[in-house]
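Enquirer: sequence-free structure coming up:
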């Protein structure tokens, strides 16, 4: 089976401060792209990595968006909530609803406020505290067969399926807890643009599979679901899908398009190697020319920086992000502190490289509005057609 390996790069699961204790899991770990038997782009299954991820999900640091005080999450959460609320309203009133990977139970609390009966599943201490604070039934566990939780009219998850150790089993087990006329709703990151451009920036150890709209529909279909509707989010780069167990159920409008049966695409690993070398050469050239280099959206740059000899420790490289809670923090495995625009204004780098495909236009606008005076390039310019 063809694979593509990225030399060890940071195993992102938290942002640490200088005073935080050492990571309880490896700070650097190899990443290997592969494809499953159905053509879905996946991270090759490594028992040690799966054990590490299992430990991470039980630690008191929830990596998901569904928690209070996480500013970066608010527009994602708001957009998915509009989709979920609309779908729930179409399906009926007084529903029994299960959320898998419920985090701080913010969505469950909203659904309960609409008159629905809600249950959550999540192994994190964050969810355990939310259960006590909100009085919501949350099972401190991963989704598994044989749980004493009953059946549901609707089961949903937000940014969970890409983490599932076995996504097919995740969906078939979910179906076992659905009533005959029940539906599932899921949200996943849209890797379609990265797949189209043979781009490495989507790679992240905690994401075990990478979906396009076609491959998400294909996975749902393979798990036995019907009337699959997949659409792109209005904010950020996510895919939303709704699917049913019964052929007669349909929740779309007259203009909605059911997902078709096109095959699931995947990265071209040879072109991926070309792009990795091209980006590494581009960054090396910028460092030689300008002496310093700002990386905007650094989490997306980590796979490419693995190709540089000291990509995670080079003092000439500066990480830039305007997410408030990231300021002056570090990715495990890296000694480069994350700066904000105020830091950059005081000491501008010679060049800024933007590494987000989804928010490229918005980030370029922020750089221009801030008047940083630096030369700018984008990932798309280097790897695009």
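Expert: Perfect, I can see it now. This structure is a prediction, so every number in the text was calculated from the model and none was measured.
Enquirer: the lengthiest strand in the chain pairs with which strands?
Expert: Secondary structure of the chain per DSSP state E: the longest strand is strand 178-189. In the sheet, strand 178-189 lines up against strand 152-158 (parallel), strand 238-244 (antiparallel) (DSSP bridges).
Enquirer: any idea which of those strands gets closest to residue 98?
Expert: With CB to CB, the closest approach to residue 98 among these belongs to strand 152-158: 4.5 Å. Yep, even glycine has a C-beta here, placed from its N, CA and C like the rest.
Enquirer: give me the contact list for the closest one.
Expert: For strand 152-158, contacts defined as CB atoms under 8 Å, 6 or more residues apart in numbering pick out 64-66, 77, 80, 84, 87-88, 91-92, 95-101, 107, 119, 174, 177-179, 181-187.
Enquirer: any stretches of this structure with poor pLDDT?
Expert: For the chain, residues meeting the criterion pLDDT under 70 lie at 62-72, 248-266.
Enquirer: walk me through the domains of it.
Expert: Per automatic domain parsing, the structural domains of the chain span 71-244, 268-383.
Enquirer: just those domains: most buried one?
Expert: domain 71-244 (a mean of 19; mean count of other CB atoms under 10 Å).
Enquirer: chain center to that domain: distance?
Expert: 12 Å (CA atoms, centre = their mean, to the nearest Å).
Enquirer: separation between residue 339 and residue 243?
Expert: Residue 339 sits 43 Å away from residue 243, going by CB to CB, to the nearest Å.
Enquirer: packing partners of the lengthiest helix in the chain?
Expert: Longest helix in the chain by number of residues, with DSSP state H as the criterion: helix 269-290. Packing partners of helix 269-290 (3 or more CB pairs under 8 Å, 6 or more residues apart in numbering; DSSP states H and E): strand 4-10, strand 293-296, helix 298-305, strand 351-354, strand 375-378, helix 379-383.
Enquirer: what's in contact with it?
Expert: 2-4, 6, 33, 197-200, 293, 303-305, 307-308, 314, 316-317, 349-351, 353, 375, 377, 379, 382-383.
Enquirer: OK, contacts around residue 201?
Expert: Going by CB under 8 Å, 6+ apart, residue 201 touches 194, 300-301, 303-304, 355-357, 379.
Enquirer: between these, which is closest to residue 18?
Expert: Checking the contacts of residue 201 against residue 18 by CB to CB gives residue 301 as the nearest, at 21.6 Å.
Enquirer: thinking again about what came up before, save the contacts of residue 201 as TSV, and put in distance to residue 332 too.
Expert: Listed next are the contacts of residue 201 as TSV, based on distance: CB to CB, whole Å:
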residue	distance to residue 332
194	23
300	17
301	16
303	15
304	18
355	19
356	21
357	24
379	23
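Enquirer: tell me the one of those nearest residue 23?
Expert: Nearest member of those to residue 23, counting by CB to CB, is residue 303, at 19.0 Å.
Enquirer: out of the domains of the chain, which is closest to residue 21?
Expert: Among the domains of the chain, domain 268-383 comes nearest to residue 21, with 11.0 Å by CB to CB.
Enquirer: how long is the closest one end to end?
Expert: Taking CA to CA, to the nearest Å, domain 268-383 runs 13 Å from one end to the other.
Enquirer: pull the distance from that domain to the chain's centre.
Expert: Chain-centre distance of domain 268-383: 20 Å, with CA atoms, centre = their mean.
Enquirer: now stretch 17-25
Expert: 23 Å.
Enquirer: thanks a lot, see you next time.
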